[in-house]
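Undergrad: Sequence first, then the predicted structure, then my questions.
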Amino acid sequence: MNHILNDLYELANERRQTKEPNSYTSYLFEKGLDKILKKCGEECSEVIIAAKNYNKNNSEELKNEVADLLYHLIVLCVQCEIKWEEIENILSERGKKIGNLKKFHDTGEDML
């Protein structure tokens with residue numbers, strides 16, 4: 001999966017540089033941070049609704065909405081000049097933490 005997300009990040013970064021005509025990604029960069037954030041918010045809401053309506057026999061809606069959210073989050077990272085590798089490193093470190101349930105409840109921190 002990392003390969004796909006890395007490729008998508010690189011493509012988004014390229015679209016930001018080249019301003020490819022008729023590209024939705026280029027359009028988002030042209031409109032700027034407010035538009036990108038608006039789309040992230042919309043997609044997050046759509047993931048929540050799709051998850052609430054989730055049915056094992058028909059999971060396509062949820063899968064598509066999660067993919068849309070990931071895409072828009074990648075665009076946000078490119079816009080803010082956060083390398084995807086940095087996000088992966090944070091997730092990797094969080095994945096190594098074991099035995100933090102008490103700390104999680106005491107601090108209210110979000111941890112994997």
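TA: Received it, and whenever you're ready, just let me know what you need. Since this is a predicted model, take the numbers as computed values, not measurements.

Undergrad: low pLDDT regions in this protein?
TA: Judged by pLDDT under 70, the chain has its weakly predicted residues at 1-2, 99-112.

Undergrad: What segments of it are helices?
TA: 2-18, 24-31, 33-52, 60-79, 84-96, 101-107 (DSSP state H).

Undergrad: Can you point out the buried residues in the fourth one?
TA: The neighbour-count check on helix 60-79 (16 or more other CB atoms under 10 Å) flags 61-62, 65-66, 68-79 as buried. C-beta here means a position set from N, CA and C on the backbone, and glycine is covered the same way.

Undergrad: Which elements pack onto it?
TA: Judged by 3 or more CB pairs under 8 Å, 6 or more residues apart in numbering; DSSP states H and E, helix 60-79 is in contact with helix 2-18, helix 24-31, helix 33-52, helix 84-96.

Undergrad: most packed of those?
TA: Stretch with highest mean neighbour count among these: helix 24-31 (a mean of 16; mean count of other CB atoms under 10 Å).

Undergrad: Other residues contacting that one?
TA: Defining contact as CB atoms under 8 Å, 6 or more residues apart in numbering, one finds that helix 24-31 is touched by 11-12, 15-16, 18-20, 35-36, 39, 72, 75, 78-79.

Undergrad: change it to 7 Å
TA: Contacts to helix 24-31, defined as CB atoms under 7 Å, 6 or more residues apart in numbering, come from residues 12, 15-16, 19-20, 35-36, 39, 75, 79.

Undergrad: can you put those residues in JSON lines and add distance to Tyr27?
TA: JSON lines is the format used below for the contacts of helix 24-31 (distance: CB to CB, whole Å):
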{"residue": "Ala12", "distance to Tyr27": "12"}
{"residue": "Arg15", "distance to Tyr27": "9"}
{"residue": "Arg16", "distance to Tyr27": "11"}
{"residue": "Lys19", "distance to Tyr27": "9"}
{"residue": "Glu20", "distance to Tyr27": "9"}
{"residue": "Lys35", "distance to Tyr27": "8"}
{"residue": "Ile36", "distance to Tyr27": "10"}
{"residue": "Lys39", "distance to Tyr27": "10"}
{"residue": "Val75", "distance to Tyr27": "10"}
{"residue": "Gln79", "distance to Tyr27": "13"}
